[in-house]
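> below are the sequence and a predicted model; questions follow.
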Amino acid sequence: MPKSEFSRRKFLGFAGTASGLVVIAGCNKDEVVSPGTLDGVDLGSGDIGILNYAYALEQLEAAFYTQVIMTQFSGISSPEATLLTDIRDHEVAHREFFKTALGDKAIQDLEVDFSSIDFSSRDSVLATAKAFEDLGVSAYNGAGRLIETADYLVLAGKIVSVEARHAALIRDLISPGSFADDTVINSDGLDGSRKPSEVLMIAQPYIKTVINGANLPTY
């Protein structure tokens, strides 16, 4: 796809509204559909595909944190409510950023499936948040090398750093001091990474809409 079809200026023009980016997408847990399926919503190819890949997760995370704030778990403290509201606002901004920047290249609104989450339980909510944030950071780390346009890569780096802040915060809410433990940081002091195909498979229980990632770039 020619770069002229997706304006770099348009993307950069909305960059100020984005403070975090993670990547996740999937399919109905009752349907056995591989990330390379030719069915469902096509993420696209090249940079457009990667940006839609990111947009898919922003939809998921925005929906999750919106529900967290709408139905706050039992015993939530005022500081916890404030912090989780901040994360919700970030994720909603990310979602709207990608939707606007992608324009008519954006995928449709996705239908989520949160039936496995007990939103009344602090443990359930924070465990899910931790899983989403850790997966998102590893997904971005894996997708960065697939971005062709340097400007987009710079923006992705700025965005994923905020997601890593989210991940650290959630980890410390669960267990103080665990924000950068050896379950996410290796002996070289680096976060892990995952390929899009791995991310799609891990995320699939939370999105009902079937996602077609067959045209995403690979390495």
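Received it, and whenever you're ready, just let me know what you need.
> C-terminal to the helix or strand hosting Ala127, what's the next element?
With secondary structure defined by DSSP states H and E, Ala127 is part of helix 122-143. Towards the C-terminus, the helix or strand next in line after helix 122-143, according to DSSP H and E, is helix 150-174.
> helix or strand right after that following helix?
helix 196-203.
> where does the residue of the chain most remote from its centre fall, helix, sheet strand or coil?
Distance from the C-alpha centroid of the chain peaks at Gly75, with 27.2 Å (Cα atoms, centre = their mean). Assigned by DSSP: H, G, I helix; E, B strand; the rest coil, the conformation of Gly75 is coil.
> could you pull up the residues touching it?
Taking Cβ atoms under 8 Å, 6 or more residues apart in numbering, we find Gly75 in contact with Arg122. Glycine gets a C-beta too; all of them are placed from N, C-alpha and C.
> give me the low-pLDDT residue ranges for the protein?
Per-residue confidence of the chain (counting by pLDDT under 70) places the weak regions at 1-38.
> so how far is Gln67 from the residue farthest from the centre of the chain?
Here the distance between Gly75 and Gln67 works out to 17 Å (Cβ to Cβ, to the nearest Å).
> likewise for Ile87?
Applying Cβ to Cβ, the value for Ile87 to Gln67 is 13 Å.
> please give me every residue in contact with Leu102.
Applying Cβ under 8 Å, 6+ apart, one finds that Leu102 lies in contact with Phe6, Ile48, Leu51, Asn52, Tyr55.
> list just the nearest of those residues to Asn212.
Ranking the contacts of Leu102 by separation from Asn212, with Cβ to Cβ as the measure, puts Asn52 on top at 10.4 Å.
> nearest residue to that closest one in space, please, no chain neighbours.
The shortest distance from Asn52 to any residue that is not its chain neighbour, by Cβ to Cβ, 6 or more residues apart in numbering, is 4.4 Å, and that residue is Leu43.
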